[in-house]
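> With the sequence up front, the predicted model follows.
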There are 2 protein chains.
Amino acid sequence: MSIELEQARQLLLAEAAPCGEVETLPLLETVGRIAAADAAATMDAPPFPRSPLDGYAVYHGDITHATVEIPVTLPITETIYAGDMPKLKLNPGQTVKIATGAPIPEGADCVIKQEIVTILPDSVRFSTPHKAYQNYCFPGEDVAAGDLLALSGMPVNPVAINALAGQGISSLKVYRKPRIGILSTGSELFSGYDTLTPGKIYDSNSSFFASMMTALNAVPVLAAPCSDEPGKLAEAIDTLLANCDAVITTGGVSVGARDYLPQAGDVLGAKSLFHGLCIKPGGAVLGLKREEKYILCLSGNPLSAFITFQLLAVPLIKRLAGYSQVIPGSYQARFHGSFPKAAERRRFLPAIVSGGDVYLPDNTRGTGRHTTAINCNCLIDMPAGTKGLADADIVEVIGYEGGF
Amino acid sequence: MSIELEQARQLLLAEAAPCGEVETLPLLETVGRIAAADAAATMDAPPFPRSPLDGYAVYHGDITHATVEIPVTLPITETIYAGDMPKLKLNPGQTVKIATGAPIPEGADCVIKQEIVTILPDSVRFSTPHKAYQNYCFPGEDVAAGDLLALSGMPVNPVAINALAGQGISSLKVYRKPRIGILSTGSELFSGYDTLTPGKIYDSNSSFFASMMTALNAVPVLAAPCSDEPGKLAEAIDTLLANCDAVITTGGVSVGARDYLPQAGDVLGAKSLFHGLCIKPGGAVLGLKREEKYILCLSGNPLSAFITFQLLAVPLIKRLAGYSQVIPGSYQARFHGSFPKAAERRRFLPAIVSGGDVYLPDNTRGTGRHTTAINCNCLIDMPAGTKGLADADIVEVIGYEGGF
């Protein structure tokens, strides 16, 4: 009955789509948001040829034969500062004093550094030849007309913001943030922050889910924890579905007498996409769909909930939020340390990657410990049948969200 | 006069300190913020031994010799669901039905999966021996009393939020966000978004700086662009200093006639820490300090401003924001492609790193192009004297902020 992770992900993503609605926001409010349309530069920035240094602009032909022994002296016709426009066209046999960032006048095709010329009262003596377009920044050196500055489905980053601002663009279309309903289930969950009563534990997974939403460009909608009663569970999910684009739950998804989520799905009239994944930890997962909305039910164990949230919920939420790349990227890295436990099932291990090297966190108190993941930034993907990991093994590593 | 990057960074960080003030925020609002105090778990979560599956709890000694041929049958004394407390102590010769997540009663030391027992009307038949503590989760399996859940100077991440919530912790002390004044300078800068007048360019660096602040746990305070006049520049910086913890400027820091920032520093009574770095691009940098506040003046070229912001401004702002790790991390990676240009000075190249491999962005239109950095996530650090980069070279790579 359990299926492969990739198959479950495919079932979740097959028909999921960005919320559709877009919003137009002031440019500075779009940082990190998902562009809902491509934005290309419409003009060169800078719009004019620009001097990259303080010096003297000339036509290169005038100083082709200049040497220390036989220098060339040219009269200064004007001084151009950044922000000025040249008043005159430069004629052969002339030079202009020019500042960093100032427009190079028509007729000039190179700039000579002020440090290597001899400045005379109204003229300048050159003793080194320069090539055409030496120290000459073409229009569009920073951003050229046609450059893609924002790509639909990609987060708008600060460098793009710089380039967009340089075009005089003051607003941008981004996808609306999807609203994700969050529900922790289990009669053992204690609401609030008072002293625990016996047999109870504090609800913590819903705080984890909620705190992941900002990183995913989504809005958390938190429901109160729900006890193990099929009717109540169905009602709580139904209420969230009415106000949200998808719902994520934890707990009650195994095959025990009180694992009521499958039953709640029936009450809701939801279609079961899958129940059970061939992975460890976190194999107890239920994927449901009612009309166009998805309900993803994860295990109540915090480490399991963490891992399946990264592997299944993140791609689903990213798809709804408009990201074009929704599957966590993976690459190979060299393992340092030792993990002698064989993986009968495909296993995911929270770990710490830096460049091409990956390490286990300090786990002297047990690898199943949720808190070991606090300092991690990736998952090691151990295929089923792996006979443990030895130092220098090459392993597959999956980057994840919220590891900081 | 130019100094090494590391030396400049040391001068900026020698006396810079976190703002000092801390704020106590509701737990969910602390995600990504910098913890201002360590927080350790005060209790085990779960607080009781817990069953990891649906089955039957027994004392292992009772079934040591159980086989299919000679099974052991034990009477069921109660049923314990998650959220319940066991009513009875388990005596030898008894079993209890137990659900995933429920507390294991005193006297029991292992749980047998329901799938491998034979269920009779009021008793259960066991035919496989189990070891003590098999399928038995000890108290503190998720979080153990004493586990460090938040570390002063580190961002609070979602996994930590989960662990903190599991302790019933509802608020956390975090550092106040420093206020960073932002000033673009240059008479060529055009304010607003109307059509450009000749010789002018739109101010874009201040938008870049502002959009980087969220990622750094800082608040941007934007001033209008200022023209190249020492008095006006000093006044604009002075106004920002009165309201901010530090000021970042761009433009006017080279050695040209209208590079007035050093002069503005004198007017302000600021001490010059350094002027000029041995790096390319972005060597034109000025570090100032007035009383306990820093003024970091970067080049107006957007690519230079970007690179020096990452290398100098990020560590300074992180220090003010309370981060304990402020210097961008670096590691070695294998270069793919070709960069034939020799680096006379130490050079930083925006690039794309994935695991242990690093690539240049598509730069067919010039490596000095600011827009090539839109798709990058790191800098290649080429030491002075490097004779270009060839395929498979091992290079030093520096991760940076805001590359997404």
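Ah, there it is. Residues are numbered from 1 along each chain as shown, chains lettered A, B, ... in the order given.

> End to end on stretch A:322-342, go ahead and measure it.
End-to-end span of stretch A:322-342 (C-alpha to C-alpha, to the nearest Å): 39 Å.

> again with stretch A:188-195
Between the opening and closing residues of stretch A:188-195 lies a distance of 14 Å (C-alpha to C-alpha).

> contact partners of that stretch?
By C-beta atoms under 8 Å, 6 or more residues apart in numbering or on different chains, the surrounding residues in contact with stretch A:188-195 are A:196-197, A:199-203, A:224-225, A:227, A:251, B:82-83, B:101-102, B:168-170. (Glycine included, C-beta is placed from N, CA and C.)

> and if you look at stretch A:133-140?
Outside stretch A:133-140, the residues that touch it by C-beta under 8 Å, 6+ apart are A:44-53, A:55, A:60, A:104, A:109-113.

> And the pLDDT for the closest residue in space to A:Y400 that isn't next to it in sequence?
Using C-beta to C-beta, 6 or more residues apart in numbering or on different chains and skipping the chain neighbours, the partner closest in space to A:Y400 is A:Q310 (4.5 Å). With respect to pLDDT, A:Q310 has a value of 97.

> A:Q310 and A:L303: what is the separation?
Distance of A:Q310 to A:L303, computed by C-beta to C-beta, to the nearest Å: 11 Å.

> and A:E106, backbone torsions?
Main-chain torsions, A:E106, degrees, to the nearest 10: phi -60, psi 140.

> quick one, what contacts it?
The neighbours of A:E106, taking C-beta under 8 Å, 6+ apart as the test, are A:P86, A:K89, A:L90.

> Tell me the secondary structure at the last one.
What that stands for is A:L90. Three-state assignment for A:L90 (DSSP: H, G, I helix; E, B strand; the rest coil): coil.

> Quick check: the gap between it and A:S304.
Distance, A:L90 to A:S304, using C-beta to C-beta: 72 Å.

> do the same with A:T73
Taking C-beta to C-beta, one finds A:T73 at 81 Å from A:S304.

> go on, A:G399?
Taking C-beta to C-beta, one finds A:G399 at 20 Å from A:S304.

> Show me which of those two is the more surrounded one.
Of the pair A:G399 and A:S304, A:S304 is the one with more neighbours under other C-beta atoms under 10 Å in any protein chain shown, namely 24 against 16.

> Need the pLDDT of that one.
Each residue has a pLDDT score; the one for A:S304 is 94.

> what's the spacing between the nearest residue to it once chain neighbours are set aside and chain B?
Setting aside the residues directly before and after it, A:S304 is nearest to A:G282 in space (C-beta to C-beta, 6+ apart), at 3.7 Å. Look at A:G282 and chain B: by C-beta to the nearest C-beta, to the nearest Å, they are 13 Å apart.

> Quick check, A:G282 in contact with A:C297.
No: using C-beta atoms under 8 Å, A:G282 is not in contact with A:C297; the gap is 11.6 Å.

> Between these two, point out the one with more neighbours.
A direct count of neighbours by other C-beta under 10 Å for A:G282 and A:C297 places A:C297 higher, at 28 against 22.

> In chain A, where's the longest helix?
When chain A is parsed with DSSP state H, its longest helix is helix A:230-243.

> for that one, packing partners?
Applying 3 or more C-beta pairs under 8 Å, 6 or more residues apart in numbering or on different chains; DSSP states H and E, we find helix A:230-243 packed against strand A:179-184, strand A:246-250, helix A:261-268, strand A:293-298.

> near chain B, which residues of the stretch 201-350 of chain A show up?
Those residues of the stretch 201-350 of chain A that sit near chain B, judged by C-beta under 8 Å from any C-beta of the partner chain, are A:201-208, A:210-212, A:214-215, A:227-228, A:251, A:254-259, A:300-303, A:306, A:329, A:331-334.

> ok, now which ones touch A:V72?
Counted by C-beta under 8 Å, 6+ apart, A:V72 has contacts A:D62, A:I63, A:H65, A:A66, A:R125, A:F126, A:S127.

> hmm, back to that, which ones among the contacts of stretch A:133-140 map onto strands?
Within those, residues falling in strands by DSSP state E are A:G55, A:C110, A:V111, A:I112, A:K113.

> Let me know the pLDDT of the residue nearest to A:S304.
93.

> got it, and A:E115?
Per-residue confidence at A:E115 stands at 93 (pLDDT).

> Phi first, then psi, for it.
According to degrees, to the nearest 10, A:E115 has phi -70, psi -20.

> can you count the residues close to it?
Using other C-beta under 10 Å as the criterion, A:E115 is surrounded by 9 other residues.

> Endpoints of stretch A:380-391, how far apart?
Where stretch A:380-391 begins and where it ends lie 14 Å apart, using C-alpha to C-alpha.

> Distance from it to the middle of the chain?
For stretch A:380-391, the separation from the chain centroid amounts to 29 Å (computed by C-alpha atoms, centre = their mean, to the nearest Å).

> before we move on, back to that, out of the contacts of stretch A:133-140, which are buried?
Burial by neighbour count, judged by 16 or more other C-beta atoms under 10 Å in any protein chain shown, picks out A:44-53, A:55, A:60, A:104, A:109-112 from those.

> which among the residues you listed are in contact with chain B?
Applying C-beta under 8 Å from any C-beta to these, those adjacent to chain B are A:A45, A:P46, A:P47, A:F48, A:L53.

> Show only the entries of the contacts of stretch A:188-195 found in strands.
The strands, defined by DSSP E, take in A:I201, A:Y202 from the contacts of stretch A:188-195.

> Which part of the stretch 301-404 of chain A gets nearest to chain B, residue-wise?
With C-beta to the nearest C-beta as the measure, A:G356 is the residue of the stretch 301-404 of chain A nearest to chain B, at 2.2 Å.

> The residue positioned nearest the centre of chain A: what's it in contact with?
Closest to where the C-alpha atoms of chain A average out (C-alpha atoms, centre = their mean) is A:P155, at 5.8 Å. Shown in contact with A:P155 (C-beta under 8 Å, 6+ apart): A:G32, A:R33, A:I34, A:A35, A:N217, A:Y323, B:F404.

> Thanks a lot, catch you later.
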